[in-house]
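Participant: Pasted the sequence and its predicted model underneath.
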Amino acid sequence: ESIEDAGYEATLDKSTIPASFRPPKKPKSLDIGPIQIGIFISGMTCSMCVKSATNAIKMSSPNGEDGIDDVKINLSTEYALVTFDPRRFGKEPNEAIDIIVESIEDAGYDATLDKSTIPAALRDVKTTDSLDSMEKNGGGGATAAR
């Protein structure tokens, strides 16, 4: 601007800016359709607990129940299968996973993401707490950060 204020024309050749001075690129949104994840849930003792956890998951989407396609919780195995569509959920897939796990914890139960159920397309995207913690924790699952 100061060059232009002095009466000269100036343009910036962005190709000459070193990479270290460029802003980081945002990860590209993954448009992969419905996703099914598994979550270990402990602390449920009865069918009302299952109903409470199910309702928490269904209402975890910022768009209400629209983003959650299906919730199946087995009380005896303490395991949930959740199918959701990130596009309708209103968040990036990994962020949606964090929100779903946190909603279970907010309902009063311990929730651990089953790492083996994460779609391969999401394993390379490290943008959220759940996937970052999977690398730190290793093994069969990761507890999402609160």
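Facilitator: Received the coordinates, thanks.
Participant: Could you pull out the helices in the protein for me?
Facilitator: For the chain, applying DSSP state H gives helices covering 2-5, 47-58, 86-89, 93-106, 120-123, 129-137.
Participant: What mean pLDDT does the fifth one get?
Facilitator: Model confidence over helix 120-123, given as mean pLDDT, is 78.
Participant: re the thing from before, can you redo the helices of the chain as CSV, where the extra columns are distance to P34 and mean neighbour count?
Facilitator: From N, CA and C alone the C-beta is placed, and that goes for glycine too. Conversion of the helices of the chain to CSV gives the following (distance: least, C-beta to C-beta, whole Å; neighbours: other C-beta atoms under 10 Å):
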stretch, distance to P34, mean neighbour count
helix 2-5, 52, 8
helix 47-58, 15, 17
helix 86-89, 8, 20
helix 93-106, 10, 22
helix 120-123, 13, 13
helix 129-137, 18, 17
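Participant: Hmm, A96 is touching I68, no?
Facilitator: No. Look at A96 against I68 with C-beta atoms under 8 Å: they stay out of range, at 9.4 Å.
Participant: For these two, list the residues in contact with both.
Facilitator: S61, F84, F89 (C-beta atoms under 8 Å, 6 or more residues apart in numbering).
Participant: Can you add pLDDT and give those residues back as CSV?
Facilitator: As requested, the shared contacts of A96 and I68 are arranged in CSV below (pLDDT from 0 to 100):
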residue, pLDDT
S61, 88
F84, 94
F89, 88
